[in-house]
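1. quick one, fold the following:
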Amino acid sequence: VTVKPQGKKIRIGWSFSKKFKEPVTTEVMGVDTGIKDSFFLSDGTSVGSMKDVIDFYHSEVEPAFAQLSNLRNKKRSISYYVRHHSDLPEDVRRSLINKMDRLEQMIHTADAPYRKKRAYYNMLNHEINQDVKTYMSCITHDTLTVLELLDIKEFEKSHKLNGDLSTFARGKLQQKLMSELNWYGYSYVEVPPDYTSQTCPVCSCCNSLNRSKTD
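-> Numbers count the residues shown, from 1 in each chain. Predicted coordinates:
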């Protein structure tokens, strides 16, 4: 809600919850959250892909931050050398101080890593929203969505440490899907991932030959 007292805009928001009756489900859709295919469905179809987003991170964001780290390490090394060599000639000391100043300026102006990181998150969020929207359009309210039980703490840790970004993207994608399913009143359940790709969805027989060779 936006109000305009005396010509000034003030936006006011509040949270609320919705209640749904649990729908009767007659169809079951298994959803494997991955990277090559954002969602691989039990009917053999696939939805979206995170490959371009992850490739952008590894080809653009990581090298940019590596360069920034290299500049900081050079400045730190010179600073350490100057502090621990009090007998340096004045011209040498002044030259090293000037070099540290130039490195500091390069560090402050090296904003490309952060721009690229923001671009990565924008790309990721856009792909997630599109893929979830596409999946939601493929099912009806009588569909039970079956998801793998992911370790939420693990992919959140990955995000904080800038570690395995594919793990982070996968977890964020599945969280968004569950949120949308819950909000619009669709049923879903999480199951342990062990042997899910080897279990027949019809007779529940578990055999390694059930696994699709094209996945």
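2. mind saving the C-alpha coords of the strand or helix carrying D91 as CSV?
-> Using DSSP states H and E, D91 falls within helix 90-109. Extracted in CSV, the C-alpha atoms of helix 90-109 (Å, rounded to 0.1, in the frame of the first residue of the first chain):
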residue,chain,number,x,y,z
GLU,A,90,65.0,6.6,1.8
ASP,A,91,64.5,6.5,-2.0
VAL,A,92,63.8,2.8,-1.9
ARG,A,93,61.4,3.2,1.0
ARG,A,94,59.6,6.1,-0.8
SER,A,95,59.4,4.0,-4.0
LEU,A,96,57.8,1.1,-2.1
ILE,A,97,55.3,3.4,-0.4
ASN,A,98,54.3,4.9,-3.7
LYS,A,99,53.8,1.4,-5.1
MET,A,100,51.5,0.5,-2.1
ASP,A,101,49.5,3.7,-2.9
ARG,A,102,49.1,2.7,-6.5
LEU,A,103,48.0,-0.8,-5.4
GLU,A,104,45.5,0.7,-3.0
GLN,A,105,44.1,2.8,-5.7
MET,A,106,43.7,-0.2,-8.0
ILE,A,107,42.0,-2.1,-5.1
HIS,A,108,39.5,0.7,-4.6
THR,A,109,38.7,1.0,-8.2
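3. packing partners for the next helix or strand after that helix?
-> As assigned by DSSP H and E, the chain's next helix or strand after helix 90-109 is helix 112-138. Here helix 112-138 touches strand 39-41, strand 46-47, helix 51-56, helix 62-83, helix 165-183, going by 3 or more CB pairs under 8 Å, 6 or more residues apart in numbering; DSSP states H and E. For every residue, glycine as well, the C-beta is placed using N, CA and C.
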